[in-house]
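K.L.:
Okay, here's the prediction I keep looking at, along with the sequence it came from:
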Amino acid sequence: LNSHQLFAKKKKTAAAPTKFQVKLLKHVAGTGSAGDVVQVTPAFFNNKLRPTKSAVVISDDEVAEEQAEKSAQESATNEMATKLQEELVDYVLSIKRKSGPDGKLFAGIGMKAIMEELQAVKPSDLWKGKRAVKVAEILDENGKKMRGDIKKVGMFGATLNLAKSIKVKLDIEIVGE
């Protein structure tokens, strides 16, 4: 053996991949929420995510498949939302409630009551699911955003979020009984 061989640098062997993709099954603080695909180190996955059943390893093919499925579902939702938007453009939702002689309602009408009334009148598959239609804001007679519920008889408006980018303004008529 000569001295050159003793002090020669060792050749580096191929190290294990530093990070890999996992799909989170639960919300993990500082990492992401359920359904997210994130890059994590093997140690973090083995010591924290796998024992708590918070994540599973996912391949690039599975990620692409999931994305395609998600985009197909989103386009179907957008199609239904556009159809519903066309139906609601000139529609006036009429809600009957008990009121006093001066036109004040005995119980306020909030976003939930508006949605329930709309679901009864206009059935649609869009109402179901976790990404359901929501009332973004209630507008008074002048078109200004209201705080709280509708508490008197008259014409009002509401802005509905039908999908991510699809909104519609709905006219609401409150009729006293």
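P.N.:
Received the coordinates, thanks. Residues are numbered from 1 along each chain as shown.

K.L.:
C-alpha from now on. contacts and neighbour counts both.
P.N.:
OK.

K.L.:
Determine the longest helix present in this protein.
P.N.:
Across the chain, the longest stretch assigned as helix under DSSP state H is helix 60-88.

K.L.:
can you give me the mean pLDDT across that one?
P.N.:
Taken as a whole, helix 60-88 carries a mean pLDDT of 86.

K.L.:
How far off centre is it?
P.N.:
Once both centres are worked out by Cα atoms, centre = their mean, to the nearest Å, helix 60-88 turns out to sit 13 Å from its chain's centre.

K.L.:
From the contact counts, what lies against that helix?
P.N.:
In terms of contacts (3 or more Cα pairs under 8 Å, 6 or more residues apart in numbering; DSSP states H and E), helix 60-88 is packed against strand 167-176.

K.L.:
let's see 10 Å
P.N.:
Counting by 3 or more Cα pairs under 10 Å, 6 or more residues apart in numbering; DSSP states H and E, the packing neighbours recorded for helix 60-88 are strand 20-24, strand 154-161, strand 167-176.

K.L.:
Can you name the secondary structure element that comes next after it?
P.N.:
strand 92-97 (DSSP states H and E).

K.L.:
buried set for whichever helix or strand comes after that next one?
P.N.:
The C-terminal neighbour of strand 92-97 among helices and strands, as given by DSSP H and E, is strand 104-109. For strand 104-109, a neighbour-count test (16 or more other Cα atoms under 10 Å) marks 104-105, 109 as buried.

K.L.:
Count the residues that sit near the residue nearest to residue 37 when sequence neighbours are not counted.
P.N.:
When the adjacent residues along the chain are set aside, residue 37 lies closest to residue 23, with 4.4 Å between them (Cα to Cα, 6 or more residues apart in numbering). For residue 23, the number of neighbouring residues by other Cα atoms under 10 Å comes to 20.

K.L.:
Quick check, residue 23 in contact with residue 50.
P.N.:
No: taking contact to mean Cα atoms under 10 Å, the distance of 11.2 Å between residue 23 and residue 50 leaves them out of contact.

K.L.:
The residue nearest to residue 37 and residue 53, how far apart?
P.N.:
For residue 23, the distance to residue 53 (Cα to Cα, to the nearest Å) stands at 11 Å.

K.L.:
OK, contacts around residue 46?
P.N.:
When contacts are counted by Cα atoms under 10 Å, 6 or more residues apart in numbering, residue 46 touches residue 52.

K.L.:
Please name every helix or strand in contact with the host helix or strand of residue 115.
P.N.:
Here residue 115 sits within helix 111-121, counting by DSSP H and E. Secondary structure elements in contact with helix 111-121, counted by 3+ Cα pairs under 10 Å, 6+ apart, are strand 92-97, strand 134-139, strand 154-161.
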